[in-house]
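> no sequence for this one, just the structure:
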């Protein structure tokens, strides 16, 4: 049984080239299927002939079967039109099934009448039209053209169910993607006020004791907020942009801590084009300052590293502070936010670890798939 054209193809052809090509392919498949059925039926008729087969007989049998099947292809358009108005795959009622049952009888009788009508084009009939029609009904009604009708119905409805399932899958995927984007935006909205609140607290602490330093912090904060607004439009940015933002933040913190805060950044130049979540390092550095170094009179050093191992990118923030995990270690806003964003962006292809080495300090390590920024001359998946 040939695959019928999709129901939307019964409407006028779309104006776009893609729609026209799709319509043309559907009709080629539709008519090709009926051609194959005609050839099959002709071969069965030829196999039933026990005498020597003449070329003229082959042409007659082949021609009659093809003409009859092309006629049935035209009649099946009525089946498709009815299915478009009364589909059976969407919880059809008894009325719908009854309508198709009656339609199957009508179209089957029309198909048999068509078969009878084309016989004189290829053979001299021995019977008149009505007796010949009755004989054809007896021979073909119950197992041939009635099966054709319901075969077209089954194929059309099966394809409709499959396409509907695919559309639901695509819709569900789009909804999941939109939900993930909404959650990521919410996490970033949570991070920005958190960062701003902490920085303003630092400015407030210096406002009376060191107004000049507080003023410089506010100027740098304005520049940093401007940079953050530019980068906040995307969920990912290059590691170079992330480091630039981080350096702006560290300038503010170094105004606050002075010589007590030392920073080392080790990022190989080829990795500057690597894609990372926007603002992923700042909350980790903030935690290192707040929980590792702020309570120490001597301050300390924060070491920021990036490296590539195969198709993985590792980001590390390490400090030489107190190194004692507190009751809320790993549960603050910055840490929770980082974990949640990594899960939303990369699923199971990421990891986040917060370690406290025996030698002291703390180490936050992120692992994520290695990819490069758009337009980078380096191909994704490895370093040259």
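Nice, I can see it. This is a predicted model, so every value here is computed, not measured.

> I figured residue 115 hits residue 70, correct?
No - using Cβ atoms under 8 Å, residue 115 makes no contact with residue 70, being 11.7 Å away. Quick note: C-beta positions are derived from backbone N, CA and C, even for glycine.

> Out of those two, name the residue with the larger neighbour count.
More crowded of residue 115 and residue 70, by other Cβ atoms under 10 Å: residue 115, with 24 against 16.

> following the biggest strand by length in the chain, which helix or strand comes up?
Secondary structure of the chain per DSSP state E: the longest strand is strand 300-309. Once strand 300-309 ends, the next helix or strand along the chain (criterion: DSSP states H and E) is strand 312-319.

> buried sites along that next one?
By neighbour count with 16 or more other Cβ atoms under 10 Å, strand 312-319 contains the buried residues 313-319.

> tilt between that strand and strand 300-309?
170 degrees (axes from the mean of the first three to the mean of the last three Cα atoms, to 10 degrees).

> starting at the chain centroid, how far to the longest strand of the chain?
Computed by Cα atoms, centre = their mean, to the nearest Å, the chain-centroid distance of strand 300-309 equals 35 Å.

> what about that strand, average pLDDT?
For strand 300-309, the mean per-residue pLDDT is 94.

> same question, stretch 73-91
The pLDDT scores in stretch 73-91 average 79.

> ok so, going back, dump the buried residues of strand 312-319 to CSV, plus pLDDT.
Output for the buried residues of strand 312-319, formatted as CSV (pLDDT from 0 to 100):
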residue, pLDDT
313, 95
314, 96
315, 96
316, 96
317, 94
318, 93
319, 91
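
> Pick the one among those residues closest to residue 174.
Nearest to residue 174 out of the buried residues of strand 312-319 is residue 313 (Cβ to Cβ; 28.3 Å).

> where does the closest residue to the closest one other than its chain neighbours sit relative to residue 344, distance-wise?
Counting by Cβ to Cβ, 6 or more residues apart in numbering, the nearest residue to residue 313 once its immediate chain neighbours are dropped is residue 370, at 4.3 Å. Remark: distance between residue 370 and residue 344 (Cβ to Cβ, to the nearest Å) = 19 Å.

> other SSEs contacting the helix or strand containing residue 345?
Following DSSP H and E, one finds residue 345 within helix 333-346. Contacts defined by 3 or more Cβ pairs under 8 Å, 6 or more residues apart in numbering; DSSP states H and E place helix 333-346 against helix 146-207, strand 275-277, helix 282-287, strand 351-355, strand 362-369.

> so how far is residue 118 from residue 127?
Distance from residue 127 to residue 118, by Cβ to Cβ: 15 Å.

> ok, back up a step: what comes into contact with the longest strand of the chain?
The list of residues contacting strand 300-309 from outside it, by Cβ atoms under 8 Å, 6 or more residues apart in numbering, reads 239, 243, 246, 260-268, 271, 274, 281, 285, 288-289, 292-293, 313-321, 361, 370, 383.
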